[in-house]
Every structure is written in C-alpha cells, then in structure tokens.
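Peer 1: Sequence first, predicted coordinates after that:
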Amino acid sequence: METPLTRHISFDRPPYNLSDYEKTGGYQALRKALTAMGPADITKTVQESDLKGRGGAGFNTGMKWSFVPMTGDHPIKYLICNADEMEPGTFKDRMLMEGNPHQLIEGMIISAFAIQANISYIFLRWAYKKAARLLRHAIDEAYAAGYLGKNILGTGYNLEMYLHTGVGRYICGEETALLNALEGKRATPRTKPPFPQISGLFGKPTIVNNVETFCNIPHIINNGPDWFKSLGGGSDAGTKIYGISGRVKRPGLWELPMGVTMRELIEVHAGGMANGYGFRGALPGGASTDFLVKEHLDVKLDFKSVAAAGSRLGTGTMIILDDHTCPVGFVHNLEHFFAQESCGWCTPCREGLPWTEKILLSIERGEGRLEDLQLLDMHTRFLGPGNTFCALAPGAMEPLQSALKYFREDFEKHINQKKCPWR
Ligand code: SF4
C-alpha cells in the first residue's frame, strides 16, 4: 500500500529540512512542472487525476483551477492555502505541515504556476505555533534555494509566499470569509457568484485549496493521473488521511486508500473500541457531519458512499460516540462550539444556534419537555441548507438532526426521567 503523503513523516525524528526533502526526490515535480509542462498541462493532469478537494467539499481540484481566466487581461492572481483547521476532531493538516512542510510548499508552487499566480498565502490557524515555526523556516529555505522568489529555476516565473496566521475564528476557514479576513475586513462570507476563481482576493482571480489537497500535487505531477487513480479503493482516487478521535484503543491519523470501510478504520487501524466501551455511532468527517451507526460500519469512506449513507466524508476525520457517553451532552457540546463561532451575519444562524444550544442544555439537565424535540426538529429545517448565507449553520445541524434520528430514545429518557441517565 503506497502512502505518498506520509512516507517521509515520522515523529521519531525532526521534520524534513530542505536537503532531506531533496534527497528523497523533493522539488523534482516542481522542476518537471516548470520546465517540461505548461500551466494548461498541469491543470489537465490534475483534473484527470480526479483529485477531489480534501478540505471537505470534494470538488475536482483541476476543474476548480480551470475556471481561472488565463488571458492577459488578468495579470494579478492569487493562490491561497486554507490551513485554518479548526473544526473539533480535525487535526490531519497539522500533521502534514509539521511533518513535511516542503511537500506543501512544493505543491503550492506548482499549483500557483498552473494558474499563473505570482503571490501566495498560507492562511494558518493561529494556535498551530509549531507548524508556523516550521513553515516559516521551510519558506526561507525555499527562497534561498531559488524555489521561491524571482526567476524560479531560471524559468522566468516569479512567486512570493507569505504565512498569515489568523486570529482563531472557525468561520475564517470558509473560503470567502478567509478572503475578507486576509483583506483585513470582518470575516463574514461573501455571496457566490462571483466565485473566487473569477473575483477573489482584492477582486482578483484566486484559488483557495486545502493543505492535504496541495500535498497531493507533487506526487500527481511525478507519477501521473493513472497512478493516482490506482491508489483509491472506492469510487474516489488517491489516498486520504483518515483520523479517529474518541474511545478507541489507538486514536490517531492514517494514510489509507480512499474508500476504506468504517469498520476497517475503527477495528484494524484504531485497534477497536477501548476496553469496556462499545460503539454507538460516529461523525465520519468531523463535527459538522451526520452520525453513522452500527448498520453503516461497512460503508466505504469515499465521497459518494458516505453521501449515500446519509452523511458526508467531510475531512475524513471521524469522531466516535461510545456507549458510556450521553448523546445529548455530546451534541450540546458541538452546538455550543458552532453557536460561539457563528459570524452573526444571518438571523437563523445568529439566533437559532444559541437557541438550539439552550434547548439542549435544558434537556441535558432534565428540565426539557417533549415539545422541545419538535422545536429541535424545526431548528434543523430552519437552519438547514438554503436558509443561511454559508454552510456553518447547516453543518451545525447535521450532528443534531442525525442524533434526533438515531438516538431519539436518549433524548426522551432525559425528559421522562427528568435527569441525565448517564450521570
Ligand atoms: S450561516 Fe452563520 S456563519 Fe454563515 S454567514 Fe450566516 S451567520 Fe455567518
């Protein structure tokens, strides 16, 4: 099983510096892209590889790039790495940045060349201080070696790269809110269209991709689209950094073929549930996805299969709900996070999330009424897709709506027994 993204990542030794990276083939893909391929070739190769965005949206990366206007009427373009990883339970990009920062930088330079951008930013979660230190060092090394700056590899191509640390708001990970934040404005999402590929940072064509997405680029350029497709085991191409948090024997991250089953991830890689704990459900792709339960254990973790099972692959980082944990408290904790992180722009999200949180708290305390379950159902519709400006509120409703479906009896027990049955 090939693990191109993590092959050189080991936390038993310091992360790769430039010379380590070059010794294992680093920056060869950049050389190939800049000297033997044109921007259109690179975009076509990435599109043919069927690399889907690893930040959660799952859109074909090369196709996204192909929407950038490539005529001389657009001399200024930007490339941005979305490294604002802040969703509860999601920590895969941190490993990639801390473990092999040059892999990300090389992927970004190739991608910037493909859209002919001359300025690039890494928008990093403020709390990732170690990643910030390692990335700054790696960017300096890349400049010193002529991989960044003016006339890269003597080809006449110029690219500047800046590391920007955000102030720690979840909404900054939404690509248009990220653009506003980078422009120094309040981080509220923008209406689409226009899409950032046409009018993004400072109104110029802009591509925003996730860390894991960029890390795949050098490998696709080195090995070709068919190789990349052959890595996937389900309906999607490539490998994926899957993760698990919760009461399993070995919580963590694994690079596996796309389409591994939930059962294999939990029972083989994470070693199964911790002693004394049973499996009740899991959010398969981070905190803003719907629960899957025991009947879904053989679902393949690829974009289509997870959607068919009623959830989303999202970031591929699973949060486990065990049989000793109160589902009401679990969901309340998540809704508290989402209510706190609402940007306040639209009423259903700004007012509805704190209201949802309040109802859940009263149920958890044994002060709820059966009518509250109807109110919660109503919230999942009013805050659902199409009623708000961005996906934060609909995403926040996913764990709640699926908890009401799969764990309704737990909500009812709280109300009927007038206390939390887990305490
Ligand atoms: S859904 Fe929430 S976070 Fe998104 S724009 Fe509306 S208020 Fe802001």
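Peer 2: Cool, the structure landed. Bear in mind that the values here come from a model prediction, so they are computed numbers and not experimental data. Residues are numbered from 1 along each chain as shown.
Peer 1: ranges for the strands of the stretch 1-150 of the chain?
Peer 2: Counting by DSSP state E, counting those that start in this stretch, residue ranges of the strands within the stretch 1-150 of the chain are 78-83, 119-124, 149-152.
Peer 1: Columns mean pLDDT on top of the ones you listed, output as CSV?
Peer 2: Listed next are the strands of the stretch 1-150 of the chain as CSV, based on pLDDT from 0 to 100:
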stretch, mean pLDDT
strand 78-83, 98
strand 119-124, 98
strand 149-152, 98
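Peer 1: out of the ones you listed, deepest packed?
Peer 2: Most buried of the strands of the stretch 1-150 of the chain, by mean neighbour count (mean count of other C-beta atoms under 10 Å): strand 78-83, with a mean of 26. Quick note: C-beta positions are derived from backbone N, CA and C, even for glycine.
Peer 1: which parts of stretch 277-286 are buried?
Peer 2: 277, 279, 280, 281, 282, 283, 284, 285, 286 (16 or more other C-beta atoms under 10 Å).
Peer 1: Out of those residues, the closest to residue 409 would be?
Peer 2: Ranked by distance to residue 409 (C-beta to C-beta), those are led by residue 280 at 11.8 Å.
Peer 1: so where does the closest one fall, helix or strand?
Peer 2: Element membership for residue 280, per DSSP states H and E: strand 279-283.
Peer 1: Return that strand as CSV; C-alpha atoms alone will do.
Peer 2: C-alpha atoms of strand 279-283 as CSV (Å, rounded to 0.1, in the frame of the first residue of the first chain):
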residue,chain,number,x,y,z
PHE,A,279,-19.6,1.6,19.5
ARG,A,280,-22.8,3.7,19.2
GLY,A,281,-22.1,5.9,16.3
ALA,A,282,-19.6,8.2,14.6
LEU,A,283,-19.4,11.5,12.8
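Peer 1: ok, back up a step: please identify which of the buried residues of stretch 277-286 is nearest to residue 81.
Peer 2: Among those, residue 286 lies closest to residue 81 (C-beta to C-beta), at 18.5 Å.
Peer 1: Contact partners for that closest one?
Peer 2: When contacts are counted by C-beta atoms under 8 Å, 6 or more residues apart in numbering, residue 286 touches 56, 87, 88, 89, 90, 314, 315, 317, 319.
Peer 1: wait, isn't residue 401 in contact with residue 380?
Peer 2: Yes: counting by C-beta atoms under 8 Å, residue 401 touches residue 380, with 4.1 Å between them.
Peer 1: re the thing from before, tell me which of the strands of the stretch 1-150 of the chain sits nearest to the ligand.
Peer 2: Among the strands of the stretch 1-150 of the chain, the nearest to the ligand by C-beta to the nearest ligand atom is strand 78-83 (15.9 Å).
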